[in-house]
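Participant: okay, sequence plus prediction incoming.
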Amino acid sequence: MVDRLPFHIGALDLATNGGWLVGRVNLLTGRPKTGKTTTAGYALVSFLRHDPRKVWIYNGEYKISLEWFQSLGADAQRMEIRPPMFLEEVCDEILYQGLVPEEADVGFILIDGIRMIPSQVREGVGDKSSVAYSPFSPEAHVLNRFWAKVALYQAKRAWNGHKPVTLFIVNHEGRGMSSGPNLPAPIVIPGGTVQLFAAALRIRFVPPKYLGKRTIEGVDVATRVEFNFTVEANLDARSQNAGVFAMYQTERVGEIDEVDQYIVWGEQSGYLQFEKKKSGEKVVMGEREIKGGRPQLVTYWQEHVAEYQQDKQEILRQMGAYLETLQKPQKKEKKG
């Protein structure tokens, strides 16, 4: 049995069977600008809502700020953007100040842009002897050893009944060398192969679509961006589920646009029933009835936020159960 907390992004919570994994390594990969950091930000906010401990952030690309996380709803007072460090220093701090101490005051660690954090070896600072004959890059050599220790210390925390510490890793994928003429270059996740085994949850993002158009100061900009993902690994749950979610870019920046998606899921799962009669339209949700159709339902949810949140949870629960029935192998009837 594994513990999960929701992303509070419906498509991801449905595809992962409940959300990200607590006390484990969660790895988000993909090309730049595909939704990885946004997804990690929503997971971070979810953690802060459920756990009083601190969050550490390693800003490998030096692009994100506490203000950006606050725009997603994070409590900046419990967040620390750690100072710039070499990769070896990052790994040691996480292991020996975050994972090893029994009562660590940190519960969620985000490394954003791990690919951009250099090893000391590249600067002539560290000991080159340990990587002199390694076929891997210095960073891959460091990280392969790091992930093995992370697995050990996370297991020790669980064994001894200590509070779990979650790692979220954002890594940009690249392209390797083609194995022959006219063959595509393979996709490569920098930083060694062990990270793929260490990650209990692994989600890959692909280039997004930009939707809508609005003119701002004479420039046409997309009003929403649509992120596409695939769950490539998911401990104790189904994987290879694909999904999509949209985020506002102009008004309500950073907010997930998913009302229409919940209406579709509500109908598919049977939680929402739209009825048309001579007396008019209505929406049935359990014991509640709302006069009108989809527009009236959207307005109702906008005016009753608490009920909307409860309805979303129930829709996800019923939709998850519905998908389970679709994915179960059908029993073949015996011929008489």
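Facilitator: Nice, thanks for sending it over. Numbers count the residues shown, from 1 in each chain.
Participant: was I right about residue 162 contacting residue 98?
Facilitator: No. Counting by CB atoms under 8 Å, residue 162 stays clear of residue 98, with 11.8 Å between them. For the C-beta atoms, the positions are set from N, CA and C on the backbone; glycine is no exception.
Participant: which one's more surrounded, these two?
Facilitator: Comparing residue 162 with residue 98 by other CB atoms under 10 Å, the one with more neighbours is residue 98, at 20 against 16.
Participant: doesn't that one belong to a helix?
Facilitator: Yes. According to DSSP: H, G, I helix; E, B strand; the rest coil, residue 98 belongs to a helix.
Participant: contact partners of the strand ranked longest in the chain?
Facilitator: Determined from DSSP state E, the single longest strand within the chain is strand 199-211. For strand 199-211, the external contacting residues (CB atoms under 8 Å, 6 or more residues apart in numbering) are 2, 12, 16, 20-21, 24-31, 33-36, 39, 169, 173, 196, 222-235, 246.
Participant: try 7 Å this time
Facilitator: Strand 199-211 has contacts (CB atoms under 7 Å, 6 or more residues apart in numbering) with 16, 20-21, 24-31, 34-36, 196, 222-235, 246.
Participant: now those: which count as buried?
Facilitator: 16, 20-21, 24-30, 34-36, 223-234, 246 (16 or more other CB atoms under 10 Å).
Participant: re the thing from before, what strands line up against the longest strand of the chain, and which way round?
Facilitator: strand 25-30 (parallel), strand 224-234 (antiparallel) (DSSP bridges).
Participant: distance from the chain centre to it, please.
Facilitator: 8 Å (CA atoms, centre = their mean, to the nearest Å).
Participant: hey, C-alpha coordinates of that strand in CSV?
Facilitator: Taking C-alpha atoms only, strand 199-211 is exported to CSV below (Å, rounded to 0.1, in the frame of the first residue of the first chain):
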residue,chain,number,x,y,z
ALA,A,199,11.3,6.9,-9.6
ALA,A,200,8.1,5.3,-8.2
LEU,A,201,6.1,7.7,-10.3
ARG,A,202,7.4,8.8,-13.7
ILE,A,203,5.4,11.1,-16.0
ARG,A,204,6.6,12.2,-19.4
PHE,A,205,5.3,15.4,-21.0
VAL,A,206,5.3,16.2,-24.7
PRO,A,207,5.1,19.6,-26.5
PRO,A,208,1.8,21.4,-25.7
LYS,A,209,-0.9,22.9,-27.9
TYR,A,210,-1.8,26.6,-27.6
LEU,A,211,-5.6,27.4,-27.6
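Participant: in it, what counts as buried?
Facilitator: Of the residues in strand 199-211, those buried (16+ other CB under 10 Å) are 199-205, 208.
Participant: of the residues you listed, which pair is most distant in space?
Facilitator: Spatially, the most separated pair among those is 200 and 208, at 25.4 Å (CB to CB).
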